[in-house]
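**Student:** quick one, what's the 3D model for this:
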Amino acid sequence: MTSDMKFRDPSDLATLDDFLDEDGIREEVTLRAVKSVIALQLQQAMKAQGLTRAAMAAEMETSRAQLNRVLDPEASNVTLDTLSRAARVLGHSLKVELV
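**Tutor:** Predicted structure coming up:
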């Protein structure tokens with residue numbers, strides 16, 4: 001940590017959303033959180049069904065490298081189509097909505 005870092009007075013911020021909005025990172029943080037949740041849900045469904053990554057990739061008709069990106073909470077470059085195929089293989093569906 002550098003000595004020139006300035007810390008905010010937390011009393012100026014009412015919520016975490018206020019903090020994220022002020023820093024201009026709310027959308028990015030939200031998208032990363034959503035991707036993390038989807039990746040976790042897919043991993044849990046695979047485990048519950050005893051499906052290996054190799055078998056899952058084969059069912060999706062994709063590479064294991066692509067499946068690894070789907071299951072990586074940090075990878076944000078995954079298409080909705082790919083997420084939907086992964087969900088379908090596991091007997092689920094992907095729901096996206098505007099709020």
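**Student:** what mean pLDDT does stretch 62-74 have?
**Tutor:** The average pLDDT within stretch 62-74 is 94.
**Student:** ok, residues contacting it?
**Tutor:** Applying Cβ atoms under 8 Å, 6 or more residues apart in numbering, the contact partners of stretch 62-74 are 32, 35-36, 39-40, 42-43, 53-54, 56-57, 60, 75, 77-78, 82-83, 85-86. Any C-beta I mention is one placed from the backbone N, CA and C, and that applies to glycine too.
**Student:** of these, which belong to helices?
**Tutor:** When these are checked against helices (DSSP state H), the matches are 32, 35-36, 39-40, 42-43, 53-54, 56-57, 60, 82-83, 85-86.
**Student:** what's the lowest-pLDDT member of those?
**Tutor:** Minimum pLDDT across the ones in helices among the contacts of stretch 62-74 falls on R32, with 86.
**Student:** number of residues surrounding it?
**Tutor:** R32 sits with 14 neighbouring residues when counted by other Cβ atoms under 10 Å.
**Student:** quick one: contacts for it?
**Tutor:** Shown in contact with R32 (Cβ under 8 Å, 6+ apart): P73, E74, S76.
**Student:** now V29
**Tutor:** Contacts of V29 (Cβ under 8 Å, 6+ apart): L20.
**Student:** for the most centrally placed residue in the chain, give its distance to A58.
**Tutor:** Central residue of the chain (Cα atoms, centre = their mean): K35, 1.0 Å from the mean position. Counting by Cβ to Cβ, to the nearest Å, the gap from K35 to A58 is 23 Å.
**Student:** what's the answer for D18, then?
**Tutor:** Taken as Cβ to Cβ, the span from D18 to A58 is 46 Å.
**Student:** comparing the two, which residue is more hemmed in?
**Tutor:** Neighbours were counted for D18 and for A58 using other Cβ under 10 Å; A58 has more, 15 against 12.
**Student:** how about the residue nearest to the centre of the chain, what does it touch?
**Tutor:** P73, A75, S76, V78.
**Student:** how many neighbours does the last one have?
**Tutor:** Looking back up the chat, that one is V78. 18.
**Student:** swap in T62?
**Tutor:** There are 17 residues near T62, going by other Cβ under 10 Å.
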